[in-house]
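Visitor: Got a sequence here, can you model it:
(one chain, ligands or ions: 1)
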Amino acid sequence: MNLLVLGPQGSGKGTQAKRISDVHGIPHVSTGDMFRAAIVARTPLGNEVAPILASGELVPDELTIALIRDRLGEEDALRGFVLDGFPRTLEQAEALDEMLASIGRGIDQVLFFDVSDELAAERMRGRAAAEGRSDDTPDILARRLAIYHEQTEPVVGRYRAAGILIPLCAELSVDDVSDQILKALKP
Ligand code: ADP
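Guide: Below you'll find the model as predicted:
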């Protein structure tokens, strides 16, 4: 089962991706988590991306694509994965298709977390207070949301056109969104 979660900041996709990972026993592969872990560990990649994450801009495609190519090649991802935070640009989506096609695989379903900007922003204010992530300040969050609309929404259109997009009403409670996913996922 090769799944993607797509949606803006504050749409709840990370929470649901973790649940799917637990229920289906497939890894939750989050580019944001991987970059933050690299920053904490002060690896060369971490040192390179730290100022980019702090600014809210996107990490260059070549770095992100290489990271995902390596990660999806690992043993635990062979049975499937739930990818969170990637692809975020059309270039990344094309690279993902190519890397999966070259090993005879593809994306099965794409869960799209549909939520208004207002509610997303409200949830992010709650998360900023709870987690204190340094890129959750109002200015940087606004920048991340703008990049989402500009660069990532076309990716949503791409999967809709491919007929594998599953729109979810992400304004409901966490459990209600989980129910929608349970019903939508192919066994
Ligand atoms: P959010 O979705 O809340 O913005 P993430 O944890 O997914 O947060 O990502 C945090 C940051 O990591 C992004 O703002 C960006 O700098 C970087 N990042 C994550 N995924 C990607 C990606 N696919 N392409 C480029 N940069 C990325």
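Visitor: and G104, what does it touch?
Guide: Counting by CB atoms under 8 Å, 6 or more residues apart in numbering, G104 touches no other residue. (Glycine included, C-beta is placed from N, CA and C.)
Visitor: no wait, E122
Guide: Here E122 is in contact with G10 (CB under 8 Å, 6+ apart).
Visitor: change it to 7 Å
Guide: Applying CB atoms under 7 Å, 6 or more residues apart in numbering, we find E122 in contact with no residue.
Visitor: Also A184?
Guide: A184 neighbours (CB under 7 Å, 6+ apart): I166.
Visitor: mind checking how far it is from N47?
Guide: Here the criterion is CB to CB, to the nearest Å. By it, A184 lies 40 Å from N47.
Visitor: again, but for R125
Guide: 30 Å.
Visitor: and what of V29?
Guide: Taking CB to CB, one finds V29 at 22 Å from N47.
Visitor: Those two: which is more packed in?
Guide: Ranked by neighbour count (other CB atoms under 10 Å), V29 and N47 place V29 first, with 23 against 12.
Visitor: Which residue is the nearest non-sequential neighbour of the residue of the chain found nearest the ligand?
Guide: In the chain, no residue comes nearer to the ligand than G32, which is 1.8 Å away by CB to the nearest ligand atom. Counting by CB to CB, 6 or more residues apart in numbering, G32 lies nearest to G85, which is 4.7 Å off, once chain neighbours are set aside.
Visitor: Quick check: pLDDT value at the one you found.
Guide: We have a pLDDT of 98 for G85.
Visitor: Please list all residues in contact with it.
Guide: G85 is in contact with S30, T31, G32, counting by CB under 7 Å, 6+ apart.
Visitor: Can you convert those into JSON lines and add a column each for pLDDT?
Guide: Formatted as JSON lines, the contacts of G85 follow (pLDDT from 0 to 100):
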{"residue": "S30", "pLDDT": "98"}
{"residue": "T31", "pLDDT": "98"}
{"residue": "G32", "pLDDT": "97"}
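Visitor: Most neighbours among the residues you listed, which one?
Guide: S30 (22 neighbours).
Visitor: hang on, isn't that one packed against D84?
Guide: Yes - counting by CB atoms under 7 Å, S30 does reach D84; the two are 4.3 Å apart.
Visitor: From the chain's centroid, how far away is stretch 125-143?
Guide: 17 Å (CA atoms, centre = their mean, to the nearest Å).
Visitor: follow-up on the earlier one: touching both of S30 and D84, which residues are there?
Guide: G14, A17.
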